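Trainee: Here's my sequence, what's the structure:
(one chain, ligands or ions: 1)
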Amino acid sequence: MKPTPQSLSGLIPFIRPYRVQVALAGLFLLLAAGTTLAFPWALRTLIDQGLAEQATPEVLATQFVELFMVAAALAVFSSARFYMVSWLGEKITVDLKNKVYAHVLQQSPTFFETTQSGEVLSRLTSDATLIQTVVGSSLSMGLRNAVMGVGAMAMLIWTNPWLMLQVIGVLALVVFPSVYLGRRVRRLSRASQDRVADSSAMASEVLNAISVVQSYTAERREALRFSGSTAQALATSLRRVRARSALVGFIIMASSAALLWGLYMGALSVRAGTTTAGELGQTVVYVVLLASAFAVLGEVYGDVLRAAGAIERLMELLHTQSDVRSPEQPQRAPWPTHGSSLVLREVSFNYPSRPAQRALNGLAGEVHAGQTVAIVGPSGAGKTTLFSLLMRFYAPQQGAVLLDGVAIEQMDLHDLRQRIGVVPQEPVVFSGTVMENIRYGQPDATDQAVHAAAEAAFATEFINELPEGFDTYLGDRGVRLSGGQRQRIAIARAILKNPPMLLLDEATSALDANSERMVQAALEKAMQGRTTLVIAHRLATVQRADCIWVLEHGRLVEQGTHAELMARAGLYASLAALQFGE
Ligand SMILES: Nc1ncnc2c1ncn2[C@@H]1O[C@H](COP(=O)(O)OP(=O)(O)OP(=O)(O)O)[C@@H](O)[C@H]1O
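Mentor: Purely as a prediction, here's the structure:
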């Protein structure tokens, strides 16, 4: 799809809130253009009257004062126009960025599987900057020159219609080739932005995995891959630059021809005595204005087309519908007091990218309020997939999931996810203080509540040993935490959220005995008074569970307590022998 100037209409909803500012900008724009057009008029009076031999010095001085007044008005109007237009450019771009970002955050995992985060970032930065340039400067430059061009043309027709006709003839020669070159620029600009996005996406992936890259000493390889990608971007950009240079050169050449033609005809008529020198001066300035207006418009057209490409890409992002959404009329389930109840009805699911392979296959089961169910099964059995479906990151193709008696696709997404707390295998710590990291679970929690959650998660002791206690900065720029400590932060976060349903993915990596004990104790505390599903990797966990679900190939193949399942000597018994050394 080729970008067209019509794509700019995508910005209309973002401009609408600023009607008043747009009107002001338009007013200043007209005033500034009008003043510019008054200049040649004043110049003619100066040449024909002020410079005439009979004119007194007072007349000359008055002429110059008038000229200065025009200049002063131009200065004021231009600066007001510049302010208003740049203000609009900044505002609109920020609104657009915020809206796109907020929209992207709501997308389902399917979106992030097909779109690299680096690409989204590039759209938010380089595409947004492009739009800012165009809205905040090129567009106003274009409008100002369009108004001035039309004004100059009108003045020329009024003062010297015959000459105007010829100038128009010459300018027509500018238009056709520009249209051709403009098309080429348009095609190449979208391609070049896409290439830039490709290389940013690549870089962000590599930077996120820098330790892996370095452990394989792949720095050189990655640098080469990046430069290969930027070289492609460069080649595309250069082709665009070449087309655009040709466009600019052509426009200047053709408009200079128009100018010189006008000057020549004018000089002839001054010699013949049919025109005064002042009229010639005035005409020349109008022709210069007209020609430069054409030149600028050509330039601006190129910018507008590039921005059109950027707007299209952002609108594409903005209009992608997440495949999981809250229903129009959500059903409210009662908030359970002693943990959620869960029913799985013949749930079958395959990932969108793997239509042929069932990740869950007719999975059925029931968990009563307050129960703890341990989920075990070989790698790839569908344990993590089950968690993703419970949080409705994906929707099953068949069957239904009922939480607290309501099918989860009938629930408001926020309501559903508010009921579920997750402690992942690899907990995420954001850059921020310990306090902020725990409070992520419930942003309006008091400090006391955060301390209580940390206490319940057996985290207070190690937090107090950190350089600044709860105010210690964690994450990217701060203190690094051990695996066990990170888990306890994540548990405290979940405890603070206080959901009736807890999803735990136990760490597979071994912690040292003390850390292990602390994490176990924290988990036990977190499970109290709630329903818990836990992907189990520890003997203690399965032994304590009310029920164990054994998954294989997306099916529930065995269920019962540890003792019951061991007695059956089936899949569980052999898994337990492997995993727990039973
Ligand atoms: N995002 C995805 N897109 C496509 N297929 C996926 C995706 N995530 C998982 N799968 C596939 O779905 C199946 C179930 O995976 P799942 O992660 O649920 O297994 P698991 O039981 O949690 O395994 P493990 O114990 O190794 O973590 C696997 O065959 C896996 O390859």
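
Trainee: do you know how far residue 221 is from residue 214?
Mentor: Going from residue 221 to residue 214 by Cβ to Cβ, to the nearest Å gives 11 Å. Where you see a C-beta, it was placed from the backbone N, CA and C, and this is true even at glycine.

Trainee: Could you do residue 178 as well?
Mentor: When residue 178 is compared with residue 214 (using Cβ to Cβ), they lie 51 Å apart.

Trainee: so after the helix or strand residue 265 falls within, what's the next helix or strand?
Mentor: Element membership for residue 265, per DSSP states H and E: helix 219-271. Downstream of helix 219-271, the next assigned helix or strand under DSSP H and E is helix 277-319.

Trainee: Could you tell me the angle between that next one and helix 219-271?
Mentor: Per axes from the mean of the first three to the mean of the last three Cα atoms, to 10 degrees, the angle that helix 277-319 makes with helix 219-271 is 150 degrees.

Trainee: For stretch 301-316, give me every contacting residue.
Mentor: 1, 3-8, 10-11, 96, 100, 123, 126-128, 130-131, 133-135, 138-139, 142, 178, 182, 185-186, 189-190, 193, 244, 247 (Cβ atoms under 8 Å, 6 or more residues apart in numbering).

Trainee: Buried only: go through those residues for me.
Mentor: 3, 7-8, 10-11, 96, 100, 123, 126-128, 130-131, 133-135, 138-139, 142, 178, 182, 185-186, 189-190, 193, 244, 247 (16 or more other Cβ atoms under 10 Å).

Trainee: Now do the helices in the stretch 401-550 of the chain.
Mentor: 413-418, 434-439, 447-456, 460-465, 483-497, 513-527, 539-544 (DSSP state H, counting those that start in this stretch).

Trainee: among the ones you listed, which is the most enclosed?
Mentor: Among the helices of the stretch 401-550 of the chain, helix 483-497 has the highest mean neighbour count (mean count of other Cβ atoms under 10 Å), at a mean of 25.

Trainee: For the stretch 251-400 of the chain, what lies in contact range of the ligand?
Mentor: 351, 353, 354, 359, 377, 379, 380, 381, 382, 383, 384, 385 (Cβ under 6 Å from any ligand atom).

Trainee: ok, 8 Å please
Mentor: Proximity of the stretch 251-400 of the chain to the ligand, by Cβ under 8 Å from any ligand atom, involves residues 351-354, 357, 359-360, 377-388.

Trainee: And those residues, which of them are buried?
Mentor: 359, 360, 377, 381, 382, 383, 385, 386, 387, 388.

Trainee: Tell me which two in these are the farthest apart.
Mentor: 377 and 388 (15.3 Å; Cβ to Cβ).

Trainee: got the residues of this structure near the ligand?
Mentor: 109, 113, 351-354, 357, 359-360, 377-388, 535, 551, 554.

Trainee: Those residues in strands, which ones?
Mentor: Among the residues of the chain next to the ligand, the ones falling in strands (DSSP state E) are 360, 535, 551.

Trainee: Residue of the stretch 151-300 of the chain closest to the ligand, please.
Mentor: In the stretch 151-300 of the chain, the residue that lies nearest the ligand is residue 205 (16.3 Å; Cβ to the nearest ligand atom).

Trainee: swap that for the stretch 401-550 of the chain, sorry
Mentor: Closest point on the stretch 401-550 of the chain to the ligand, by Cβ to the nearest ligand atom, is residue 535, at 6.8 Å.

Trainee: For residue 368, see how far away residue 338 is.
Mentor: Residue 338 is 10 Å from residue 368, by Cβ to Cβ.

Trainee: Comparing those two, which residue is more hemmed in?
Mentor: Shown here are residue 338 and residue 368; by other Cβ atoms under 10 Å, residue 368 has more neighbours (15 against 12).

Trainee: For residue 22, which non-adjacent residue is spatially closest?
Mentor: Nearest residue to residue 22, sequence neighbours excluded (Cβ to Cβ, 6 or more residues apart in numbering): residue 15, at 6.3 Å.

Trainee: What's the mean pLDDT across whichever strand or helix holds that neighbour?
Mentor: Residue 15 belongs to helix 12-15 when assigned by DSSP H and E. If you average the pLDDT over helix 12-15, you get 89.

Trainee: Pull out the buried positions in that helix.
Mentor: 14, 15.

Trainee: The chain should start at 35 in everything you say after this.
Mentor: Yes, from this point I'll number from 35; that puts the last item at helix 46-49.

Trainee: Packing partners of that helix?
Mentor: Helix 46-49 is packed against helix 91-139, with contacts defined by 3 or more Cβ pairs under 8 Å, 6 or more residues apart in numbering; DSSP states H and E.

Trainee: Could you name the helices and strands sitting against the helix it packs on?
Mentor: Checking 3+ Cβ pairs under 8 Å, 6+ apart, helix 91-139 ends up next to helix 46-49, helix 53-79, helix 162-167, helix 173-193, helix 311-353.
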